[in-house]
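Peer 1: below are the sequence and a predicted model for it; my questions follow.
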Amino acid sequence: QNCKDFAENKMANYRDCELVAQGERLLSEYNYQAATDCFTRLIDSSPNHFQYYVNKGLAAKGMNDHEETINQFDMAIKLDPNTAIHYARKAEALRSKRKYDESVKCCDQALQRDPSCVLALKTKARGMMFLSTDSEVLGYFVEALKSSPEDLDLLEEHELAMKLFARSPNSSLLSKSYEAAKRNLERKHQENPKIAQTCVELGTALNRTGDHQSALIEIEKGLKLDPLNTLGYLEKGVALGKLDQAEESIEQFTKAIECDHFLTRVYFKRGQALEDLEKYEEALQDYNRAIEIDPLDPQGYLLRALNLPVYGELTEALESINKALELKPHFQEAYLVKADIYEQLEENDKSIETYTKCIDLNPSEIQPHHELGVAYLHVKRIPQALECFQKAIELDPANADRYRTKGMALSLAEKDEDALSVLKMSLGLNPDSSWTYFEMANSLFYLNRYDESKMFYDKAIKHNNEYAIGYRNRCKHQ
């Protein structure tokens, strides 16, 4: 009898090993349902083996079944309570269900067991975006990036977090981070060029560093190895969009959505590409779908608010941007959009108040100073406008348009000699600006320097400013 029992146990163990190998292979091939069937059979025969629950949880994650993922990792934790990664994976699923409090608590449990658990650091940073103050959130991202400096998604989310909390991303530092991530991924790619995800991640890094043609080559390699790689189609769409191939870009975003119906950022990207082709109604459908998937993401409401004024729906746009600010009160970009909506509604005082709030959040951001100056011009408060334009110049001294706008304001203040001086500086930075030639022609006209004025109107016309034609004719009558 003992010999018979031994033989049966040996055979059962052999069957289990075969099922484990089969299940893991199916997982690697993204055949999640078949993998689930394998691990369910293994759990039935060996219910106290935590790794089977882990693998079944990973399969559930692959099918976006977050509730089942949580259930499986709960069992893994029950059987193996000291392993940090189980808590981190459960936290990921909780975050996907927008249970941010529970997700962060679960990350803390993981980090108690392993303070360097990369997934826990990343997931906590992402969850805290919806729960905490700016300094805390950004600190978690910094810690996560120390552990995973080549994680491109994490770099992007860190950049987004800085924008959400009205911090100016350091473009030089970000560029260095993306370059470092690219070098790390190039090394990984050289070690094993036939891993689909590495190809796609390298393509993503190339996208972020501006080499979109090379990005396409790497992403195509990844998609040949893994035709269901959502990130591959997303990044291919990004690269094509940067190369001014909007239609082809939309096709790739659509393929990404077919792979994963719940990834909101693909809807954002496709919506923006559709807007580039002036397909505003289809874009709005994408933004609404993204909001339906994740009603706690302020980005969806912001993009919707930018879209709605095309239809004249300014009141609805204002409601949408207020929702974005309700979710993230320090969202500086949302204040810019809100101020612009007030301008379109001709509620100039509210527009000025909102731009001022935007500047209070982050005084080093350039655009709010410029836009506040324009808002002051609308109500003929020229001294205040000039102060704003000067501040924008101080923050962005290499931008020709900052000088041009200040020159226009000086002309409106009947300070045309000063205007000419500033406009010359603008032309020095951008000698092809038709509007700068136009503004110089106007100032020269008001100074009764009609021949010079005519010459600058001609230059504006030469640079395709048709608006200048009518103004040029008035020089003939002087």
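Peer 2: Yes, it's here.
Peer 1: SS state for A419?
Peer 2: At A419, secondary structure determined by DSSP: H, G, I helix; E, B strand; the rest coil is helix.
Peer 1: is it correct that it is in contact with R404?
Peer 2: No: counting by CB atoms under 8 Å, A419 does not reach R404; the two are 10.0 Å apart. No exception for glycine: its C-beta is placed from N, CA and C like everyone else's.
Peer 1: overlap in contacts of those two?
Peer 2: Common contacts of A419 and R404 (CB atoms under 8 Å, 6 or more residues apart in numbering): E439.
Peer 1: L377: which element?
Peer 2: helix 366-378 (DSSP states H and E).
Peer 1: so after that helix, what's the next helix or strand?
Peer 2: Scanning forward in sequence from helix 366-378 by DSSP H and E, the next helix or strand is helix 382-395.
Peer 1: hang on, the earlier thing: how about the CA coordinates for the helix holding L377, as CSV?
Peer 2: Extracted in CSV, the C-alpha atoms of helix 366-378 (Å, rounded to 0.1, in the frame of the first residue of the first chain):
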residue,chain,number,x,y,z
ILE,A,366,5.0,81.8,-17.8
GLN,A,367,1.7,81.4,-19.6
PRO,A,368,-0.6,82.7,-16.8
HIS,A,369,1.3,86.0,-16.7
HIS,A,370,1.0,86.4,-20.5
GLU,A,371,-2.7,85.4,-20.5
LEU,A,372,-3.5,87.8,-17.6
GLY,A,373,-1.8,90.6,-19.5
VAL,A,374,-4.1,89.9,-22.5
ALA,A,375,-7.1,89.8,-20.2
TYR,A,376,-6.2,93.3,-18.8
LEU,A,377,-5.9,94.5,-22.4
HIS,A,378,-9.5,93.5,-23.0
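Peer 1: give the buried residues for it.
Peer 2: 366-377 (16 or more other CB atoms under 10 Å).
Peer 1: and the closest residue to E371 other than its chain neighbours, what does it touch?
Peer 2: Computed as CB to CB, 6 or more residues apart in numbering, the closest residue to E371 that is not its neighbour in sequence is Y355, at 5.5 Å. Y355 makes contact with 335-336, 339, 368, 371-372, 375, according to CB under 8 Å, 6+ apart.
Peer 1: average model confidence for stretch 29-49?
Peer 2: The pLDDT scores in stretch 29-49 average 87.
Peer 1: other residues contacting it?
Peer 2: 12, 16, 19-20, 22-24, 26-27, 52-53, 55-56, 59-60, 62-63, 79, 226, 228.
Peer 1: can you show me the strands along the chain?
Peer 2: Applying DSSP state E to the chain gives no strands.
Peer 1: show me where pLDDT drops low in it?
Peer 2: Filtered on pLDDT under 70, the chain yields the residue ranges 1-15, 130-138, 142, 145, 147-194, 476-478.
Peer 1: and if we set it to 80?
Peer 2: 1-17, 28-30, 64, 98, 125-198, 208-209, 473-478 (pLDDT under 80).
Peer 1: and the end-to-end length of stretch 373-386?
Peer 2: 7 Å (CA to CA, to the nearest Å).
Peer 1: what sits up against it?
Peer 2: Contacts of stretch 373-386 (CB under 8 Å, 6+ apart): 339, 343, 348, 351-352, 355, 387-389, 392, 405-406, 409-410, 412-413.
Peer 1: gap between the two ends of stretch 354-367?
Peer 2: 13 Å.
Peer 1: hmm, back to that, what's the most distant pair in the buried residues of helix 366-378?
Peer 2: For the buried residues of helix 366-378, with distances taken as CB to CB, the pair at the greatest spread is I366 and L377 (17.3 Å).
Peer 1: and of the buried residues of helix 366-378, the nearest to N442?
Peer 2: L377 (14.8 Å).
Peer 1: report the angle between the helix holding L377 and helix 382-395.
Peer 2: Using axes from the mean of the first three to the mean of the last three CA atoms, to 10 degrees, the inter-axis angle of helix 366-378 relative to helix 382-395 is 160 degrees.
Peer 1: CA-only coordinates of stretch 462-478 in CSV, if you can.
Peer 2: Taking C-alpha atoms only, stretch 462-478 is exported to CSV below (Å, rounded to 0.1, in the frame of the first residue of the first chain):
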residue,chain,number,x,y,z
LYS,A,462,5.6,89.2,-47.9
HIS,A,463,5.4,86.9,-44.8
ASN,A,464,1.7,86.1,-45.7
ASN,A,465,-0.1,88.5,-43.4
GLU,A,466,-3.1,89.4,-45.6
TYR,A,467,-4.5,91.5,-42.8
ALA,A,468,-1.7,94.1,-43.5
ILE,A,469,-3.0,94.8,-47.1
GLY,A,470,-5.8,97.0,-46.0
TYR,A,471,-3.7,98.9,-43.5
ARG,A,472,-0.9,99.5,-46.1
ASN,A,473,-3.3,101.4,-48.3
ARG,A,474,-3.9,104.0,-45.6
CYS,A,475,-0.2,105.1,-46.0
LYS,A,476,-1.0,106.2,-49.6
HIS,A,477,-3.4,108.9,-48.3
GLN,A,478,-0.8,110.5,-46.0
